[in-house]
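**Q** could you work out the structure for the sequence below:
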Amino acid sequence: MGHAYFGTDGIRGRVGDPPITVDFLLKLGWAAGRVFARQGDDAPTVVIGKDTRISGYLFESALEAGFSAAGVDIILLGPMPTPAVAHLTRSLGGIAGVVISASHNPYEDNGIKFFSAEGEKLDDGLQGDIEDELELAIEQVAPHRLGKAHRIQDASGRYIEYCKATVPYGTHLDGLKIVVDCANGATYRIAPSVFSELGAEVIAIHDKPDGLNINERCGSTHPDSLAREVVKAQADLGVAFDGDGDRVLLVDHEGSIIDGDQILYVLAAARKTNGGLQGGVVGTVMSNYGLEEAFRTLGVPFERSAVGDRFVHERLRQRQWLLGGEASGHILCLDRAMTGCGIVSALQVLEVVARTRQSLKALAAGMFKYPQVMINVPVAGNARSLVNDDPRVAGAVESVEAALRDEGRVILRPSGTEPVVRVTVEGREQSQVESLAQQLAQVVQESSQP
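**A** Prediction:
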């Protein structure tokens, strides 16, 4: 049976519209609790964290009631970055972790994500079991078996210590002035503390969540206010997180944005020098061509996975490599953290800056970021067969590739969610890239007409 509720990243939607309603989440807590309780633990406990959305209060208490009705104990962490919930689920011996968050979306949206006891995403089999339980009516366990809930007071402190331990002992960020944009989200307390406790001078912005301002014109999806602040404060660099803290983008001292591809380059180049690379790096089909080129120059193996951090993670596992990520700022350093954590990723870069005494701009300069243009082309009919089977489209792609002469690339991706083909062209010259992308988009559109 296909999953009716679980998407690629848990269950997500607009608050108040099914399934993101209080009655559904009460039932989801109960259904998940039933499935987790069967996994053989005498007194199973789930760990629940959330971001700073106003709806987090409502959904936290609904899930708590559902888990209790299924006989599962609950540990409440309060506002916590998503990767912190994965980590604390493991360290507190939870049977599963739950995050209430819609990541980089606006406050009107919310979602639920589950982690296994190991702090990894729940496997599809268990998600299917939870969906099966959702078909049943709620049956409470006997009164003496109802679950208890308690709040962990020092959850932030525990995660701050964990993050600090992901850089070599004795790492000092003294003398570095950093602007930190917390996106009015889950990192608002933890991130500034981590950097300042390691010795940096920290200016925190967008660190006053009110339940409604998460991701609003701030954070890694809107890094322009951070860029302005870095230049104004004459800071060494800036760090921007998304609402739930699993992504990070950086800004150099001139206010230029350093994206996930450039972060991967900086980390891989530093590890290549000091021997900590272990194999190669995994990007995605959307990673910039300049990253591939820079790695070729460095002699670093590079492979592309499908888009999505879970696919990057799978490929790293298969290869037994450590470093991978996406341009959006999802970075995986598997020898430092099991899941992509924005704070941990930023720290790895800061450690390189502090150790080499080079500016972020200088460290990123070895990668030429190719101009990239993406056009979403609405299509009639089947987007996938248009991309894979249409001879006119194939011919147009060949002629664009010929025009780029091995200095760039073309990607056609059918959207998984809407009747759209994403046409992406990368090359050395912005103007050429724009005109080639327009040409190709036009052919795709015309070919889709019946």
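**Q** just the pLDDT for residue 390.
**A** In this model, residue 390 is scored at 87, pLDDT.
**Q** right, and it touches residue 445 too?
**A** No - proximity of residue 390 to residue 445 does not meet the contact threshold set by Cβ atoms under 8 Å, at 11.8 Å. Bear in mind the C-beta positions are built from the backbone N, C-alpha and C, glycine included.
**Q** residue 321 and residue 241: what is the separation?
**A** 25 Å (Cβ to Cβ, to the nearest Å).
**Q** ok, the two, which is more surrounded?
**A** residue 241 (33 against 19; other Cβ atoms under 10 Å).
**Q** any idea how far residue 93 is from that one?
**A** Applying Cβ to Cβ to residue 241 and residue 93 gives a distance of 28 Å.
**Q** what do you get for residue 331?
**A** Taken as Cβ to Cβ, the span from residue 331 to residue 93 is 28 Å.
**Q** kindly report the same for residue 291.
**A** Relative to residue 93, and taking Cβ to Cβ, residue 291 is found at 39 Å.
**Q** okay, and residue 179 sits in which element?
**A** Element membership for residue 179 (DSSP states H and E) is strand 177-181.
**Q** please save the CA atoms from that strand in PDB.
**A** This file holds the C-alpha atoms of strand 177-181, laid out as PDB (Å, rounded to 0.1, in the frame of the first residue of the first chain):
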ATOM      1  CA  LYS A 177      33.600  38.300  14.800                       C
ATOM      2  CA  ILE A 178      30.500  36.400  13.500                       C
ATOM      3  CA  VAL A 179      27.000  37.500  12.700                       C
ATOM      4  CA  VAL A 180      24.500  34.600  13.300                       C
ATOM      5  CA  ASP A 181      21.000  34.600  11.700                       C
END
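**Q** which is the next helix or strand following that strand?
**A** Downstream of strand 177-181 (by DSSP H and E), the next one is helix 190-197.
**Q** now do that following helix against strand 177-181, angle only.
**A** Put simply, helix 190-197 runs at 170 degrees to strand 177-181, going by axes from the mean of the first three to the mean of the last three Cα atoms, to 10 degrees.
**Q** ok, and what's touching whichever helix or strand comes after helix 190-197?
**A** Next along the chain after helix 190-197, taking DSSP H and E as the criterion, comes strand 201-205. Contacts to strand 201-205, defined as Cβ atoms under 8 Å, 6 or more residues apart in numbering, come from residues 176-182, 188, 191-192, 195-196, 218, 225-226, 229, 233, 235.
**Q** just how off-centre is strand 201-205 within its chain?
**A** Computed by Cα atoms, centre = their mean, to the nearest Å, the chain-centroid distance of strand 201-205 equals 23 Å.
**Q** buried ones in that strand?
**A** Residues of strand 201-205 classed as buried: 201, 202, 203, 204, 205 (neighbour count, 16 or more other Cβ atoms under 10 Å).
**Q** and the helix or strand just after that strand, what's its mean pLDDT?
**A** Counting by DSSP H and E, the next helix or strand C-terminal to strand 201-205 is helix 224-233. The average pLDDT for helix 224-233 rounds to 98.
**Q** next secondary structure element downstream of helix 224-233?
**A** strand 237-241.
**Q** quick check: angle from that next one to strand 177-181?
**A** 20 degrees.
**Q** which elements pack onto strand 237-241?
**A** strand 177-181, helix 190-197, helix 224-233, strand 248-252, helix 342-356 (3 or more Cβ pairs under 8 Å, 6 or more residues apart in numbering; DSSP states H and E).
**Q** give me the angle between it and helix 342-356.
**A** Interaxial angle of strand 237-241 relative to helix 342-356 (the same axes, to 10 degrees): 160 degrees.
**Q** wasn't residue 435 part of a strand?
**A** No - per DSSP: H, G, I helix; E, B strand; the rest coil, residue 435 lies outside any strand segment and is helix.
**Q** what is the neighbour count of it?
**A** Neighbour tally, residue 435, other Cβ under 10 Å: 15.
**Q** got it, and residue 430?
**A** 12.
**Q** contact partners for it?
**A** So residue 430 contacts 371, 373 (Cβ under 8 Å, 6+ apart).
**Q** now residue 66
**A** 25, 26, 27, 28, 29, 30, 31, 32, 33, 138.
**Q** and the closest residue to residue 212 other than its chain neighbours, how far is that from residue 54?
**A** Ranked by Cβ to Cβ, 6 or more residues apart in numbering and with sequence neighbours excluded, the top spatial neighbour of residue 212 is residue 107, at 5.0 Å. Distance check for residue 107 against residue 54: by Cβ to Cβ, it reads 7 Å.
**Q** of the two, who's got more company?
**A** Neighbour totals were compared for residue 107 and residue 54, and residue 107 leads with 24 against 15 (other Cβ under 10 Å).
**Q** thought that one was touching residue 51?
**A** No - with contact defined as Cβ under 8 Å, residue 107 does not count as touching residue 51 (9.4 Å).
**Q** who touches both of these two?
**A** By Cβ under 8 Å, 6+ apart, the residues touching both residue 107 and residue 51 are residue 214.
**Q** need the buried residues of strand 201-205 in JSON lines (columns: distance to residue 166 and pLDDT).
**A** JSON lines is the format used below for these (distance: Cβ to Cβ, whole Å; pLDDT from 0 to 100):
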{"residue": "201", "distance to residue 166": "21", "pLDDT": "98"}
{"residue": "202", "distance to residue 166": "18", "pLDDT": "98"}
{"residue": "203", "distance to residue 166": "23", "pLDDT": "98"}
{"residue": "204", "distance to residue 166": "20", "pLDDT": "98"}
{"residue": "205", "distance to residue 166": "24", "pLDDT": "98"}
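**Q** count of residues packed around residue 99?
**A** Using other Cβ under 10 Å: residue 99 sits among 28 other residues.
**Q** so it touches residue 113, yeah?
**A** Yes - the pair residue 99 / residue 113 is scored as a contact, 4.5 Å apart, by Cβ under 8 Å.
**Q** what is in contact with the two at once?
**A** 10, 82.
**Q** give the contact list for residue 431.
**A** If you count contacts by Cβ under 8 Å, 6+ apart, residue 431 has none.
**Q** can you classify it as helix, strand or coil?
**A** Quick answer, by three-state DSSP: residue 431 is helix.
**Q** if we can go back for a sec, residue 291 and residue 93: which is more packed in?
**A** Set residue 291 next to residue 93 and count neighbours by other Cβ under 10 Å: residue 291 wins out with 26 against 12.
**Q** might you report the residue contacts of the more buried one?
**A** 261, 262, 264, 265, 283, 302, 367.
**Q** give me that answer again for 6 Å
**A** Counting by Cβ atoms under 6 Å, 6 or more residues apart in numbering, residue 291 touches 261, 265.
**Q** what's the answer for residue 147, then?
**A** Per Cβ under 6 Å, 6+ apart, neighbours of residue 147: 67, 68, 71, 72, 73, 74.
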